[in-house]
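K.L.:
quick one, fold the following:
(2 chains)
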Amino acid sequence: DQQVKQNSPSLSVQEGRISILNCDYTNSMFDYFLWYKKYPAEGPTFLISISSIKDKNEDGRFTVFLNKSAKHLSLHIVPSQPGDSAVYFCAALDSNYQLIWGAGTKLIIKP
Amino acid sequence: SQTIHQWPATLVQPVGSPLSLECTVEGTSNPNLYWYRQAAGRGLQLLFYSVGIGQISSEVPQNLSASRPQDRQFILSSKKLLLSDSGFYLCAWSKGGLPYNEQFFGPGTRLTVL
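P.N.:
You can find the predicted model right below:
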């Protein structure tokens, strides 16, 4: 029973265009969400987060949007760069302050 | 600055053999420590976490165990590996205490059980 779902295993985007990575969750009690980026054979690194009191958080080229009624969040990367090619994980913080992870989406930026 | 080390980077072990993966953190004290596993095509699964020396919480039943003999040392072990134990194992740390603090990950260990 996956509480955090990333339904797209992979996504291919042209360099310079917008990348949109989606994430859905089932537990309405989740109130803090994070995106991590992972390169092959490395540990994930924190990218950006959002609290449920906000519907948008922006950090440079990265923006995360949260739609609580739809239990959906998305990560926008604009403009996409070759170095953005990686696996992106969505995670939600549960009531025990543990992270519940999605399966990840592999983003491929084409030159 | 804080750093986290994991070793070995890769490991190939036969079924039924023992396992010991080590993780150490430098530059901080009393961190929360975590062991995750990423299986092929799946997200990160939390295996164990520890809020202090000798304090281990297990998230899933399995043939793995964890120990924290020192404040900044976290060890993942198994007495007999199964094929299903293959995967990418990640150690992570966060600053101790609540509320949530960002987790920082080590480089990971690729374990292949044959």
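K.L.:
rest of the way, CA atoms for contacts and neighbours
P.N.:
Will do.
K.L.:
skipping its backbone neighbours, what lies nearest the closest residue to chain A within chain B in space?
P.N.:
Nearest residue of chain B to chain A, counting by C-alpha to the nearest C-alpha: residue B:43, 3.5 Å away. Distances taken as C-alpha to C-alpha, 6 or more residues apart in numbering or on different chains put residue A:103 closest to residue B:43, at 3.5 Å, once the chain neighbours are dropped.
K.L.:
next one, pLDDT for that neighbour please.
P.N.:
Reported pLDDT at residue A:103 in the predicted model: 90.
K.L.:
also residue A:11?
P.N.:
Residue A:11 carries a pLDDT score of 96 in this model.
K.L.:
check contacts around it.
P.N.:
Taking C-alpha atoms under 8 Å, 6 or more residues apart in numbering or on different chains as the definition of contact, the neighbours of residue A:11 are A:105-108.
K.L.:
cutoff 10 Å now
P.N.:
Taking C-alpha atoms under 10 Å, 6 or more residues apart in numbering or on different chains as the definition of contact, the neighbours of residue A:11 are A:19-21, A:85, A:87, A:105-109.
K.L.:
cool, and residue B:114?
P.N.:
With C-alpha under 10 Å, 6+ apart, residue B:114 has these contacts: B:12-16, B:81-86.
K.L.:
wait, what's in contact with residue B:45?
P.N.:
A:99-103, B:35-39, B:59-60, B:89-90.
K.L.:
which stretches of chain B form strands?
P.N.:
Assigned by DSSP state E, the strands in chain B fall at B:3-7, B:10-13, B:19-26, B:32-38, B:44-52, B:55-58, B:64-70, B:73-78, B:87-94, B:104-105, B:109-113.
K.L.:
same question for chain A.
P.N.:
With DSSP E as the definition, chain A shows strands at residue ranges A:4-5, A:10-14, A:19-25, A:32-38, A:45-51, A:56-59, A:62-67, A:72-77, A:86-93, A:99-101, A:105-110.
K.L.:
determine which stretch of those strands is the most buried.
P.N.:
Across these, averaging neighbours per residue (mean count of other C-alpha atoms under 10 Å in any protein chain shown) puts strand A:86-93 on top, at a mean of 24.
K.L.:
that older thread, would you mind checking the contacts of residue B:114 for buried ones?
P.N.:
The neighbour count (16 or more other C-alpha atoms under 10 Å in any protein chain shown) marks B:13, B:81-82, B:85-86 as buried among the contacts of residue B:114.
K.L.:
save these as JSON lines, and put in pLDDT too.
P.N.:
Supplementary listing: these in JSON lines, determined by pLDDT from 0 to 100:
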{"residue": "B:13", "pLDDT": "96"}
{"residue": "B:81", "pLDDT": "95"}
{"residue": "B:82", "pLDDT": "94"}
{"residue": "B:85", "pLDDT": "92"}
{"residue": "B:86", "pLDDT": "91"}
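K.L.:
ok, now which ones touch the residue in chain A positioned nearest to chain B?
P.N.:
Per C-alpha to the nearest C-alpha, the residue of chain A with the smallest distance to chain B is residue A:103, at 3.5 Å. Contacts of residue A:103 were listed using C-alpha under 10 Å, 6+ apart, and they are A:2, A:4-9, A:23, A:87-91, B:38-45.
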